[in-house]
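Novice: structure here, sequence nowhere to be found:
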C-alpha cells in the first residue's frame, strides 16, 4: 500500500482539494445565517450573503454626504498611504542599518545591543508615547508601523549579510575593493532578494499596527471604519471590510514575489 | 636565483590561538615564478599558511617579508586567490565578475565605470575570458555554470588584476576527475603565460607533484599525546622538482 506521505495530488486534484475546505466554510456560514434569520429576521450578528453584498456595494459606490467621498475608496487610500509610508521608512532604515551591521563588525558591536533592546519592546506599548510625541495625525501611525517592523527587518538583513560566505569578502578585497565598495557592490545587491522576503514576512505585523493605530485615533481608514461600525453591530460592513483587507494583503504578497522573481534572476537557480 | 631576493620570506613564523599552536618555526623562502604545492594531513596548518600569505591572518610571532618589506596583514590586490567554493559573486554575470576587479581600482567611489574607460575595461575582461575559455558564457550568472566553469571564472577574475602571488585553496577539490585534468592544463598555461608565482594547497598528492615546481609537506614534527594542541606543524618536507616554468606540462604528466 502506498504510504500517506507519498500520496501526491495532481494539479487539478490540488485545486479541487484546496477548494473543498473553503466551500465547506462558506456553506456552514450560509446555513447558520439562514437559521438565525429564520428565528429573527432582524438578526445583525450573522448577516446573509445578500445583505453583506448590498452593504459592500453601498460603501464602494455611494458618496458619503458628510465627507463628500466614497467611503471604501477614501478608507483604502488613507490606509494604503499610511502602510506604504511606514513600510518605506522601515525599509530604508533596515537596509541602511542592516548593511552597516552586516558588513562592519565594529558597527555590530556598537549598535547590535541597542537594536536588540528596541526589538523586544512590544510596539503597541509605545503607541501612547508616539501619540504624545508626534500628535494624533498621520506621523504617529506611520511611526508605529516603522517602529514595529524595522528592528526585526534590520536584524534579519544584518544576519543575512553576516552569513554571506567569508570567501566573498576576502575575494573582493584581493580584487582591490575598499570597505565602501564591498558594502555597495558585494553586500547590498545580495541583500535585495532577502529584503523582499523580509518585507513579505513583515506585512502581517504591519497591518496589525496600522489597524491598531487607526482604531485608537483616526477619522478615516479601513481599521477606523471597522471599529466605528462595530458600535452598531454592523457585521454586514465589517465582514466585507475584512475580506477586502485580506485581498489587499494577498495582492501585496503576490506583487513582492513577482518583483523578487523578475528583479533577481541570479537568486533563483539561474533560471531566467 | 640566489642573487635576487626571494619574493616571499617566512622568518621563524608562529601562529597560535591561545593555548593551541597551529604553525611553529616556519622558515621558508619562495622565489618569484615558483609553483608551490602545499600538502599535508587535515589540521596541519595548510590553510593557515595560505591565509598568512593572503594577509587574512597575522603571525603571532615572526615575520613575513614580501619583496624584502614586512607584509601588511590585510588582503590586497597584489595577492589573488581562488577558493574551493564561493569564489565568484553570484549576483554578477560572468563578465561582471571579471570586470569587478578593474572597476574597484578605477572607480573607488561608485565601483562602476562609464564610457570609454568602461569599454577599455570590458575589452580587457573579454580577453581574460577568452584566455580561460568562457567567452560563450559571458552573460550568464554563476548559478548557471558548472563547477569547473565557476573555477575558470574565479581564475579569470583573480588574474585580471595581475597579482604578484596567486593563492589556490584546494581549487579543484570539488571537481570531476576529467574536468580536473583540463583545469591542470589551464592553470599551467596561465602560470607560464602570466609569469605567476603560485601557492596551491591540495589534498591530492598526484596533483601536487604534477603541477608544482616545489612541494611543501606540512606536518607536526613533535607530538605530545597528553596535549596534542601544544605542538604546531611546520614544513617537514621541502621537495624541489625539476619542472621549470618553460616545461611542457603534458609531457611531464604522461
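Specialist: Arrived safely, thanks for sending. Quick caveat: nothing in here was measured; it's all calculated off a predicted structure.

Novice: assumed residue A:66 was part of a helix.
Specialist: No: if the criterion is DSSP: H, G, I helix; E, B strand; the rest coil, then residue A:66 is coil and not within a helix.

Novice: would you map the helices across the stretch 1-150 of chain B?
Specialist: B:46-54, B:94-106, B:115-132, B:147-159 (DSSP state H, counting those that start in this stretch).

Novice: can I get these in a markdown table with mean neighbour count and mean pLDDT?
Specialist: In short, each C-beta sits where N, CA and C put it, glycine included. A markdown table is the format used below for these (neighbours: other Cβ atoms under 10 Å in any protein chain shown; pLDDT from 0 to 100):
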| stretch | mean neighbour count | mean pLDDT |
| --- | --- | --- |
| helix B:46-54 | 22 | 88 |
| helix B:94-106 | 23 | 91 |
| helix B:115-132 | 16 | 90 |
| helix B:147-159 | 24 | 91 |
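
Novice: contact partners for residue B:59?
Specialist: Going by Cβ atoms under 8 Å, 6 or more residues apart in numbering or on different chains, residue B:59 touches B:13-15, B:23, B:52.

Novice: ok, residue B:208 next?
Specialist: Residue B:208 neighbours (Cβ under 8 Å, 6+ apart): B:37-39, B:200, B:202, B:215.

Novice: how does it look with 6 Å?
Specialist: For residue B:208, the contacting residues are B:37, B:39, B:202, B:215, by Cβ atoms under 6 Å, 6 or more residues apart in numbering or on different chains.

Novice: please apply the same query to residue A:185.
Specialist: residue B:111.

Novice: could you give the number of residues near the closest residue to residue A:200 other than its chain neighbours?
Specialist: Distances taken as Cβ to Cβ, 6 or more residues apart in numbering or on different chains put residue A:256 closest to residue A:200, at 5.1 Å, once the chain neighbours are dropped. Residues lying near residue A:256 (other Cβ atoms under 10 Å in any protein chain shown) number 16.

Novice: go on, residue B:170?
Specialist: Neighbours of residue B:170 (other Cβ under 10 Å): 19.

Novice: residue A:162 versus that one, what's the distance?
Specialist: 24 Å (Cβ to Cβ, to the nearest Å).

Novice: same deal with residue B:83?
Specialist: 18 Å.

Novice: element containing the residue nearest to residue A:200?
Specialist: In the assignment (DSSP states H and E), residue A:256 maps to helix A:235-263.

Novice: what is that helix packed up against?
Specialist: helix A:49-61, helix A:188-216, helix A:222-229 (3 or more Cβ pairs under 6 Å, 6 or more residues apart in numbering or on different chains; DSSP states H and E).

Novice: residues from the stretch 101-250 of chain A in reach of chain B?
Specialist: A:165, A:167-168, A:170-171, A:173-178, A:181, A:185, A:189-190 (Cβ under 6 Å from any Cβ of the partner chain).

Novice: nearest to residue B:179, of those residues?
Specialist: Within those, the smallest distance to residue B:179 is 20.3 Å, found for residue A:167 (Cβ to Cβ).

Novice: ok, the closest one - contacts?
Specialist: B:83, B:86.

Novice: again with residue A:121
Specialist: Counted by Cβ under 6 Å, 6+ apart, residue A:121 has zero contacts.

Novice: which parts of stretch A:164-178 are buried?
Specialist: A:164, A:167-177 (16 or more other Cβ atoms under 10 Å in any protein chain shown).

Novice: cool, stretch A:67-83 as well?
Specialist: A:70-72, A:74-76, A:78-79, A:82-83.

Novice: quick one: distance of stretch B:124-136 to the chain centre.
Specialist: Centroid separation between stretch B:124-136 and its chain, computed with Cα atoms, centre = their mean, to the nearest Å, is 20 Å.

Novice: hmm, it touching chain A?
Specialist: No: using Cβ under 6 Å from any Cβ, stretch B:124-136 stays clear of chain A, coming no nearer than 12.1 Å.

Novice: quick check: residues of the stretch 151-254 of chain B near chain A?
Specialist: Close to chain A, as judged by Cβ under 6 Å from any Cβ, the stretch 151-254 of chain B has residues residue B:161.

Novice: taking the stretch 151-254 of chain B, what residue is nearest to chain A?
Specialist: residue B:161 (5.9 Å; Cβ to the nearest Cβ).

Novice: number of nearby residues for that residue?
Specialist: 22.

Novice: surely it and residue B:101 touch.
Specialist: Yes: at 4.5 Å, residue B:161 and residue B:101 qualify as touching, with contact defined as Cβ atoms under 6 Å.

Novice: the residue nearest to the spatial centre of chain B: what's it in contact with?
Specialist: In chain B, the residue lying closest to the centroid (Cα atoms, centre = their mean) is residue B:167, at 1.1 Å. Contacts were defined as Cβ under 6 Å, 6+ apart; by that measure residue B:167 touches B:50, B:53-54, B:81, B:199.

Novice: for residue B:114, phi and psi?
Specialist: Note on residue B:114: its backbone torsions stand at phi -130, psi 160 [degrees, to the nearest 10].

Novice: and for residue B:161 and residue B:101, which residues touch both?
Specialist: residue A:175.

Novice: ok, the lowest-mean-pLDDT helix or strand in chain A: who's next to it in the sheet?
Specialist: Here the helix or strand of chain A ranked lowest by mean pLDDT, DSSP states H and E is strand A:63-64, holding a mean of 89. Strand pairing for strand A:63-64, determined by DSSP bridges: strand A:69-70 (antiparallel).
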